[in-house]
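[1] with the sequence up front, the predicted model follows.
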Amino acid sequence: MPTYPYRCLNCKKRFDIFMTYAEYGTLPVSCPHCGDSNVTRRISRVRITRSADSMLDNLDDPSSVDGLEDNPKAMGQMMRRMGAELGEELGPEFHEVVNRLEAGQSPEEIEAALPDLGEGDSGGLDEAGL
């Protein structure tokens, strides 16, 4: 059954109503918080699923990364866009690095300030070199 998001114009609270497609528009809707029927429908977010290839299409142009190594702010902005394109939570370390880059800190300065960055990451070698 679809969920329809509403906002009460009286108490200003948001709420969702579950009803069938046939019921929508025919049943009266009232606020579950204050009981007022002066409500308005909200526009809900829409998610679009994309393939990994289509998410990274804008990186196919090599000129889009020209000069990033000399411009930490631009590198941070690009990383933030890439993170948003992935649509997954990348964790506090990612956000810390991106925030520092956007503030103008160089990758070398970030690495010195955060020596444990990436520790525990399965992509690295362990103590045995495996």
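    Yes, it's here.

[2] report pLDDT for the most centrally placed residue in the chain.
    Taking CA atoms, centre = their mean, the centroid of the chain lies closest to residue 84, which sits 5.0 Å from it. The per-residue pLDDT reported for residue 84 equals 76.

[3] make sure I have this right: it is in a strand.
    No - the assignment for residue 84, made by DSSP: H, G, I helix; E, B strand; the rest coil, is helix rather than a strand.

[4] list the residues that contact it.
    Applying CB atoms under 8 Å, 6 or more residues apart in numbering to residue 84 gives no contacts. For every residue, glycine as well, the C-beta is placed using N, CA and C.

[5] check residue 32 too.
    residue 15.

[6] any idea how far residue 77 is from the residue nearest to residue 36 when sequence neighbours are not counted?
    Once flanking residues are discounted, residue 36 sits nearest to residue 10: 3.9 Å by CB to CB, 6 or more residues apart in numbering. When CB to CB, to the nearest Å is the yardstick, residue 10 and residue 77 sit 42 Å from each other.

[7] hmm, back to that, just checking, the residue nearest to residue 36 touches residue 40?
    No - counting by CB atoms under 8 Å, residue 10 does not reach residue 40; the two are 10.9 Å apart.

[8] these two: who's more crowded?
    Each of residue 10 and residue 40 has its neighbours counted (other CB atoms under 10 Å); residue 10 has more, 14 against 9.

[9] secondary structure class for the residue nearest to residue 36?
    Once three-state DSSP is applied, residue 10 turns out coil.
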